[in-house]
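Chemist: For reference, the sequence and a predicted model appear below.
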Amino acid sequence: MRRTFCGLMLACAGWAADPGLERLEREMARVARGAGAVAGASAIHIETGRRVSLRGGERFPMASTFKIPVAVELLRRVDAGDERLDRMITLAPEDLAPGSGTLSDLFNKPGVALSVRNLLELMLLISDNTATDILLREVGGAAPVTARMRALGIMGIDVIRPTRDLIADFRVSSKQFQTDARDTATPDSMASLLALIHERKLHKPASAELLLDILRRCRTGEARLKGLLPPGTEVAHKTGSMGRAGRIATNTNDAGIVTLPDGAGHVAIAAFVKDGEGPLEAQERAIAEIARAVHDYFLFVR
């Protein structure tokens, strides 16, 4: 029943010599040079299995895109009856993690409690790190999340640390962080996970639709995957960022599912930037241009 990463790779094998895909990959490489950093991307046309890839097997820090696999494992537990979306969790001051303005604001008064669903929405909609670390704790830590990826046949996604530790380690040495294999993903693996999410084969119907619905409403990264797509294009996505200092960025990511018009299908895209020392705008523009190139190719080449 389940379309695994290995299955997706086999499905793509027949398209390896497609000259159109080769031209698209060259265009992705050309656009990526404008990021002023190391950029990688992978895209799968879900209905046909055609794939394009730039540094697709290379490891990139996931930053907050790691919240997608956390959500996948959380909803697996909901489907198994081990968790309830309406279960209330009381937050303590020590639960606060850096990058959690929304939940930090709630601590003006004691006694804050949120449901698992509320925390899931905060994690994916606005990338709240406190919500993420609480949910990661509730699923048993990072190990079950990575184990879930392995069970799906996805070998290129590793979740190891909560956001609190990710941010602390980045602050100690941003250079070392870029080469640390922990909490990284390959563009190919993240795109494959997104394809499985779209196909609704990971969860029961209600959980599958809930995850996609929240990703469609993501409030971050308007200039990334969505930045140059035609107005009104539906994108279910999650962004990730590390090392923001004003408008200078080190890691800039976006991973999502783009709905093509005119019944042309859907494209899962994962775009990552690492080792950046330049303007955030250049990195976001490169991601947006890659997404537009992929969108147009799969819309017009059937």
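Modeler: Noted; the coordinates are in hand.
Chemist: Poorly predicted segments of the stretch 1-150 of the chain, please.
Modeler: 1-17, 100-101, 108-110 (pLDDT under 70).
Chemist: hey, where'd the helices end up in it?
Modeler: For the stretch 1-150 of the chain, helices defined by DSSP state H, counting those that start in this stretch occupy the ranges 5-13, 19-32, 67-80, 101-106, 116-125, 129-138, 142-151.
Chemist: Would you format the ones you listed as TSV with distance to H45 included?
Modeler: C-beta here means a position set from N, CA and C on the backbone, and glycine is covered the same way. Shown next, in TSV, are these (distance: least, Cβ to Cβ, whole Å):
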stretch	distance to H45
helix 5-13	10
helix 19-32	10
helix 67-80	20
helix 101-106	36
helix 116-125	24
helix 129-138	30
helix 142-151	22
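Chemist: Including mean neighbour count and distance to T250, could these go into TSV?
Modeler: Formatted as TSV, these follow (neighbours: other Cβ atoms under 10 Å; distance: least, Cβ to Cβ, whole Å):
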stretch	mean neighbour count	distance to T250
helix 5-13	16	28
helix 19-32	17	16
helix 67-80	22	18
helix 101-106	14	21
helix 116-125	21	22
helix 129-138	23	17
helix 142-151	17	22
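Chemist: So what angle separates the directions of the longest helix seen in the chain and helix 19-32?
Modeler: If you go by DSSP state H, the chain has its longest helix at helix 280-300. In terms of direction (axes from the mean of the first three to the mean of the last three Cα atoms, to 10 degrees), helix 280-300 departs from helix 19-32 by 170 degrees.
Chemist: got the buried residues for helix 280-300?
Modeler: For helix 280-300, a neighbour-count test (16 or more other Cβ atoms under 10 Å) marks 280, 282-299 as buried.
Chemist: and that helix, what does it pack onto?
Modeler: Here helix 280-300 is seen to pack against helix 19-32, strand 38-45, strand 50-54, strand 248-249, strand 251-259, strand 266-274 when contacts are counted using 3 or more Cβ pairs under 8 Å, 6 or more residues apart in numbering; DSSP states H and E.
Chemist: got the angle for the second one vs strand 251-259?
Modeler: Here strand 38-45 runs at an angle of 10 degrees relative to strand 251-259 (the same axes, to 10 degrees).
Chemist: try the longest one
Modeler: What separates the directions of helix 19-32 and strand 251-259 is an angle of 140 degrees, with the same axes, to 10 degrees.
Chemist: What helix or strand is S241 located in?
Modeler: strand 235-242 (DSSP states H and E).
Chemist: who does that strand touch, helix- and strand-wise?
Modeler: helix 163-172, helix 205-216, strand 251-259.
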